[in-house]
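Visitor: A predicted structure for the sequence below; I have some questions about it.
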Amino acid sequence: MDADLHLHTLHSDGTYTPEELVAAAAGHGLAIIALTDHDTVEGCAETAALAARAGIGFLPGTEITAELHGRELHILGYFLALGDEALARELGRAQEIRQERVRQMVRRLNARGLGIDPEAIFELARCKAPGRPHVARALVEGGFCASLDEAFDKYLKKGRPGWVAKEKIAARRAIELIQGAGGLAVMAHPGLNHDDTLVGKLARLGIDGIECFHPRHGAGAPERYLSMAREFGLLVTGGSDCHGTSKNRPTMGTVRLPMSFVEILRERLHQPRPAALPAPAVGPAVGGPAGGNVPPAESAPAPSPAPLGS
Ligand code: AMP
Ligand code: FE
Ligand code: FE
Ligand code: ZN
């Protein structure tokens, strides 16, 4: 019995509807799933109802696009109270920024002679948190590019004509919003940031956990992040980051988190939060802070992350 705590639908840049997501989860024999669409909780209520009908446990979540020292990083939120006003307000603002950014990207591309209608992108995206993947799809559908990869390479990557920077929520604020909504804040796919010092920095900001198991974490990465979780007293999570078919093939099933990890997350919800870590001390650390769900190294469980090598 396993969980997948990182999943997207068409409420952000995935291709699955909530129905398709739950059906796929049932097909993979998952016992618990979490929906973590980018900067929105829009699909959570519907997915919760569908999951309940399918006998699958559900954690309402999100994946906030955040920033620390000018670097983009993603912070997952779990067990969110969906009616939380501060969270709804800030996610609403992030969604407006995303929509305005799509308009800016289109203006830049059209100034280069392309003819794209921004409304066609919103029509295609049908979600409140659109992003570059939707613009890429419009470029392919409009015949301007042969593939999504080409759309990113030619137009949407940093430095290309359609690139527009995205204003992000400060990491400290993202953590505060998630925890203020009764949730747990977790650093998503640390391996994709190529800067492991971010883990300690986020721990000092009070983050609760770290996603050790992710399809794009290569050999050695899970062990390295499990060891950092132990060092900083962080909870451990994992998930497939499945986007349906919007990024190559669906990744659901490639990372399966044993249920024991989820039980420890649930227990943490009912315990007082350990104090955020103090600034780093000079000299060797003696022992580690208590509070994570990392098993001792010799009894590390064996989730089955299958690196995609991408
Ligand atoms: P945004 O948040 O709007 O900047 O878009 C970022 C999203 O675009 C992330 O989900 C990336 O994984 C995705 N992305 C980046 N490069 C590519 C690519 N070459 N093909 C498909 N998706 C991509
Ligand atoms: Fe995404
Ligand atoms: Fe992410
Ligand atoms: Zn994701």
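Guide: Noted; the coordinates are in hand. Ligands and ions are numbered 1, 2, ... in the order given.
Visitor: Next, the buried residues of the helix ranked longest in the chain.
Guide: Criterion DSSP state H: the longest helix present in the chain is helix 85-111. Buried residues in helix 85-111, counted by 16 or more other C-beta atoms under 10 Å: 87, 90-91, 94-95, 97-99, 101-102, 105-106, 108-109. Heads up, the C-betas are built off the backbone N, CA and C, glycines and all.
Visitor: Turn those residues into a markdown table, columns for distance to G70 and pLDDT.
Guide: Formatted as a markdown table, the buried residues of helix 85-111 follow (distance: C-beta to C-beta, whole Å; pLDDT from 0 to 100):
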| residue | distance to G70 | pLDDT |
| --- | --- | --- |
| L87 | 24 | 98 |
| E90 | 20 | 98 |
| L91 | 22 | 97 |
| A94 | 18 | 96 |
| Q95 | 23 | 96 |
| I97 | 17 | 96 |
| R98 | 19 | 96 |
| Q99 | 24 | 96 |
| R101 | 18 | 97 |
| V102 | 23 | 97 |
| M105 | 21 | 97 |
| V106 | 26 | 97 |
| R108 | 22 | 97 |
| L109 | 26 | 97 |
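Visitor: could these go into TSV alongside distance to ligand 3?
Guide: Rendered in TSV, the data for the buried residues of helix 85-111 read as follows (distance: C-beta to the ion, whole Å):
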residue	distance to ligand 3
L87	18
E90	18
L91	15
A94	14
Q95	16
I97	17
R98	14
Q99	19
R101	17
V102	19
M105	20
V106	24
R108	24
L109	24
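Visitor: can you tell me the residue of the stretch 201-310 of the chain closest to ligand 3?
Guide: Residue of the stretch 201-310 of the chain nearest ligand 3, by C-beta to the ion: D241 (6.4 Å).
Visitor: for the chain, that is, sorry about that
Guide: Here the chain gets closest to ligand 3 at one residue, H74, 3.7 Å apart by C-beta to the ion.
Visitor: tell me the secondary structure for the residue nearest the centre of the chain?
Guide: For the chain, E63 is the residue whose C-alpha lies nearest the centre (C-alpha atoms, centre = their mean; 3.8 Å). Assigned by DSSP: H, G, I helix; E, B strand; the rest coil, the conformation of E63 is strand.
Visitor: Next, count neighbours for the nearest residue to it once chain neighbours are set aside.
Guide: Using C-beta to C-beta, 6 or more residues apart in numbering and skipping the chain neighbours, the partner closest in space to E63 is T36 (4.4 Å). For T36, the neighbour count with other C-beta atoms under 10 Å is 31.
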